[in-house]
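# compute the structure for the input listed below.
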Amino acid sequence: MKGFPRTRRGLAVAGALTVLLAAAGVGTWATDTWPFEAKDRYCWGAWEEDSGPEFLGDEAFAGGEGSRTATETALGPRRTTGRCTVAIHTTDDDDYDGSRASEDTRVVVDYGPAPRGAARRMEWINDYLGGRAVPLPDGLPGATDGGHGLLVLPKRCDTRDGRPTAVTLDATATSYSGDRSYPGTAGLGGSRSAAELMVSIANRAMEKTGCAPAKPLSITSPVINLPEDRETYFERACRIRGMEFDQESARDLAYQVGTVGRNLQSCSVSTTGRDEARIFDALMVSEPRLSVLFDGTTGTKAAAHGWRGTGVFADGYKVVRADCAGRPMTLLMLSPSQRENTPYFTAFTNAVTGRVGCAPVAPGGSDR
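So this is what the prediction gives:
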């Protein structure tokens, strides 16, 4: 594990004494007055200081004082999993009630395979492909919502047991004022910037682990924006027939229509209020490299009577894989084990297959 701390004591002190401390590969310095203008690099050298996103520049300190530190595990041909964390801590005395204000930001990148266990993998897949996630452009197999992201790497980077290797990105920020805390903004710069950050990591990590393709991954097209916000006060979730809730139940619920495309579709329903809880998350994945993430989790026989393909109905999740116009389509629903949501999964599945023109997968579906 290597660490690279950097401390800045506000922009107003630029010109103060610079101190360089070198020990065991760790550097700490305070201002930009060093005779050379070398930029810090983070995460195996993939990201550079002041290269665009707010969290990598002076904007991260917002006129106060603070520090930016980075830690990373080594990558190499025999070390094909790793984690990099960029952490920012800022403090400011200029709070409206005179108390000390601070903010902690963490940007975490993982390089490695999908989780081995089926239940954990289902959650992991939905975390990055469901909700407000939108597909990456230019045929890259992945998605991002601007604060989190997933990019699946080429087959040559797969593990020995066949699991795909992926880059995941997770950013969180928490602001503190007195005895209160509330979510902050991590400063990734939006979905396009998050996608570019993942591509930079992927190219650098593949070089280090020895599986880089002849042509580096790149992004040239814009990332689409999710057109719909979260909806409350409804009767039919995600406007899908068969996903109705009675008026009393729906009063405390909200739904989110996610991506609706040929390769990816999602719909989520949750409770509202401070203690938000999942009712269900439904997801369809048909992009070939993303579909490989489900390999080994969908069983060898039909999930239940009337269902096409193979699948598993387990506590906490239901997953089914079937052929759709010559490509594998995987459908997933996550929900608390005490809830009976098979009718909603059936409705979601029928809506998806009807929309894209597949043969029915769930009972009650119709050919188009």
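# alpha carbons only for contacts and neighbour counts from here, please
Noted.
# per the record, what domains does the protein have?
2-209, 231-356 (automatic domain parsing).
# now these as JSON lines including mean neighbour count?
Formatted as JSON lines, the domains of the chain follow (neighbours: other C-alpha atoms under 10 Å):
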{"stretch": "domain 2-209", "mean neighbour count": "18"}
{"stretch": "domain 231-356", "mean neighbour count": "18"}
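# distance to P363 added to these, as TSV?
Shown next, in TSV, are those (distance: least, C-alpha to C-alpha, whole Å):
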stretch	distance to P363
domain 2-209	23
domain 231-356	5
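# least reliable of these going by mean pLDDT?
Least confidently modelled of these is domain 2-209, at a mean of 82 by mean pLDDT.
# tell me which of the domains of the chain sits nearest to V223.
V223 lies closest, by C-alpha to C-alpha, to one member of those: domain 2-209, at 5.5 Å.
# the closest one: how far from the chain's middle?
Put simply, domain 2-209 sits 13 Å off its chain's centre (C-alpha atoms, centre = their mean, to the nearest Å).
# swap in stretch 256-264?
15 Å.
# what lies in contact with that stretch?
130-135, 226, 228-231, 238, 265-269, 283-287, 356 (C-alpha atoms under 8 Å, 6 or more residues apart in numbering).
# at 6 Å what do you get?
Residues external to stretch 256-264 that are found in contact with it (C-alpha atoms under 6 Å, 6 or more residues apart in numbering): 131-132, 134, 230, 238, 265-268, 284-287.
# quick one: the residue lying closest to G242 once chain neighbours are set aside from R160, how far?
Spatial nearest neighbour of G242, excluding adjacent residues (C-alpha to C-alpha, 6 or more residues apart in numbering): A347 at 5.1 Å. According to C-alpha to C-alpha, to the nearest Å, A347 stands 37 Å off from R160.
# do G66 as well
Taking C-alpha to C-alpha as the measure, G66 and R160 are separated by 43 Å.
# then A74?
Separation of A74 from R160 (C-alpha to C-alpha): 20 Å.
# which element follows the host helix or strand of V107 toward the C-terminus?
Using DSSP states H and E, V107 sits in strand 101-113. Counting by DSSP H and E, the next helix or strand C-terminal to strand 101-113 is helix 118-129.
# outside of that next one itself, list whatever touches it.
Contacts to helix 118-129, defined as C-alpha under 6 Å, 6+ apart, come from residues 115, 143, 149-150, 297.
# among those residues, which are in strands?
143, 149-150 (DSSP state E).
# could you dump the residues you listed to JSON lines with distance to K215?
JSON lines is the format used below for those (distance: C-alpha to C-alpha, whole Å):
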{"residue": "A143", "distance to K215": "21"}
{"residue": "G149", "distance to K215": "22"}
{"residue": "L150", "distance to K215": "20"}
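# ok, then the element right after the lengthiest helix in the chain?
Longest helix in the chain, counting residues (DSSP state H): helix 191-209. Sequence order places strand 231-232 as the next helix or strand after helix 191-209, per DSSP H and E.
# mind listing what that next one pairs with, with the direction of each?
Partner strands for strand 231-232, per DSSP bridges, with pairing direction: strand 253-260 (antiparallel).
# what angle do helix 191-209 and the helix or strand containing T91 make with each other?
Assigned by DSSP H and E, T91 belongs to strand 82-92. On the basis of axes from the mean of the first three to the mean of the last three C-alpha atoms, to 10 degrees, strand 82-92 is oriented at 140 degrees to helix 191-209.
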